[in-house]
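Next input, structure requested:
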Amino acid sequence: MTAGAAVTPAAFLCRWRADRGDAGGRLDHAMMRHFAGLPGLSRSRLQQWIAAGRVRINGAVIRRPAGRLAAGDELEVELPAPPPSRRRTLPLAAQRLPLAILYEDEHLLALDKPAGLVVHPTGRYRDGTLVNALAWHLREGVAAAAGATAGGLTAAALGESAAAVSATTAAAAAASGSAAAAGSVATEPTEGERPAGEPPEVRPGLVHRLDRDTSGVLLVAKSRAAHAGLARATKARALQKDYLAVVYGRAPLPKGRIELKLLRDPHDRRRVAASRTEGVSAATLYELLAESGPGRGTAAAEVAAAGAGGHAVWLSLLRCRLVTGRTHQIRVHLAALGLPIVGDPLYGEPRHRGIADPALAALCRDFPRQALHAWRLTLRHPVTGQDLALVAPLPVDLGWLLRAAGLPAADEALTALAPSGPSAGGPRR
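Below is the predicted model of the structure:
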């Protein structure tokens, strides 16, 4: 939902004033733009709300989705209340788990997530997740504050955090039919529901997510101002997210741009499929940082691999930058380009069989996760305006793989290879 839209959570009312982007356009198109990002929302569902009389323009009920707007029109949308949950909502368990903190102030927290750590609790993973650990970390900050400053986080600041996404949570609940939207920051509403002296429950405001077996930088908003600023920056694509990926094969170009639409694989709901015609738009920039020839570059090993009836296999180290942020985007795009990520259980291929070096082939075969690391995130601080470059050091397992392949495995070498980023104007695939 856009920053200009205000929500009254108690009544589930959303109000905003039509801007120049809405002027002359259809009502349902403008609503899709302003409510972009709400889970489970579609244009047909918005049209149902309009037909049901839930939308007013300048105080008058409008029932025509094709009605035209003028700049300055005052719009009010009554969001339907979410249906009662069929499952009992359990409180978020705060758990004391280790966190690798890259940066923290009163508004923002940046973490280095290890591979194998689930971000959100699910039916399969009810605890032991990153969110459980964050709840403990933020709760400890509140307890230490006790109404006074503690590490830059005050009780007032926490209250601001709670309000930061209350509007978004209410609207998302109405759109998705859930009691609360995932990834919100919230505190329990009444002190009487907690034991005396127990700090309020804290639900961290994750700005983005990483797959369970992807490591690297993850951002958390700790205040309303940070959450709103990061939401605007995300929509404006002002966050630069650089990933490192070890792939099978040779990149067709030193730098390039992959533009393929993504949709849920109709044959396997766990997977995402790439298409030129169907799905949501997605774009990934890539840059070749280094490559290792068959048998770690020796001619004898290449001959041996070919003589064994196989084909020569290269390993390449790529830096990828997200232009859009879709589920499994980098993994699917690279696989579609013929560069599957080493160890990827969903989109990978057993190309290790063509590697002549037995030790390297075994390492690639047994690599326990996709060799993908959210390496660097650059942004302007949403509150202070300070330029931040958050770097997650190369994890140990990825370092072993790079060294075995003869690829640069030191953070200094990687920074020297990739000082800026892949060009947004690279050739498209």
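
how about the strands in the stretch 51-200 of the chain?
For the stretch 51-200 of the chain, the strands defined by DSSP state E, counting those that start in this stretch occupy 55-57, 60-61, 74-78, 101-104, 108-113.

Cys14 versus Val29, what's the distance?
Not quite, residue 29 is His, not Val. 16 Å (CB to CB, to the nearest Å). Just so you know, the C-beta spots here come from the backbone N, C-alpha and C atoms, and that holds for glycine as well.

Now do the strands in the stretch 201-350 of the chain.
205-206, 215-221, 240-248, 255-259, 261-264, 272-275, 283-292, 315-322.

Show me what the third one is packed against.
Counting by 3 or more CB pairs under 8 Å, 6 or more residues apart in numbering; DSSP states H and E, the packing neighbours recorded for strand 240-248 are strand 315-322, helix 329-336, strand 372-380, helix 396-404.

please redo it, this time with the cut-off set to 6 Å
Strand 240-248 sits against strand 315-322, strand 372-380, with contacts defined as 3 or more CB pairs under 6 Å, 6 or more residues apart in numbering; DSSP states H and E.

Export those as JSON lines, with columns for mean pLDDT and mean neighbour count.
Converted to JSON lines, the helices and strands packed on strand 240-248 look like this (pLDDT from 0 to 100; neighbours: other CB atoms under 10 Å):
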{"stretch": "strand 315-322", "mean pLDDT": "96", "mean neighbour count": "24"}
{"stretch": "strand 372-380", "mean pLDDT": "96", "mean neighbour count": "22"}
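
ok, back up a step: any chance of the strands of the stretch 201-350 of the chain in CSV with distance to Leu360 as columns?
As requested, the strands of the stretch 201-350 of the chain are exported to CSV (distance: least, CB to CB, whole Å):
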stretch, distance to Leu360
strand 205-206, 36
strand 215-221, 21
strand 240-248, 11
strand 255-259, 26
strand 261-264, 32
strand 272-275, 28
strand 283-292, 9
strand 315-322, 8
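
Go through the ones you listed and name the closest to Arg43.
Closest of those to Arg43 is strand 261-264, at 17.0 Å (criterion: CB to CB).

Can you tell me what sits against the closest one?
Residues lying outside strand 261-264 but in contact with it, judged by CB atoms under 6 Å, 6 or more residues apart in numbering, are Val272, Ala273, Ser275, Glu278, Gly279, Val280, Ser281, Ala282, Arg326.

so how far is it off the chain centroid?
With CA atoms, centre = their mean, to the nearest Å as the basis, strand 261-264 stands 16 Å off its chain's centre.

Quick check: buried residues in it?
Using 16 or more other CB atoms under 10 Å as the test for burial, strand 261-264 gives Lys261, Leu262.

can you pull the pLDDT of Val7?
Here the pLDDT value assigned to Val7 is 45.

cool, and Thr129?
Looking at Thr129, the pLDDT reads 90.
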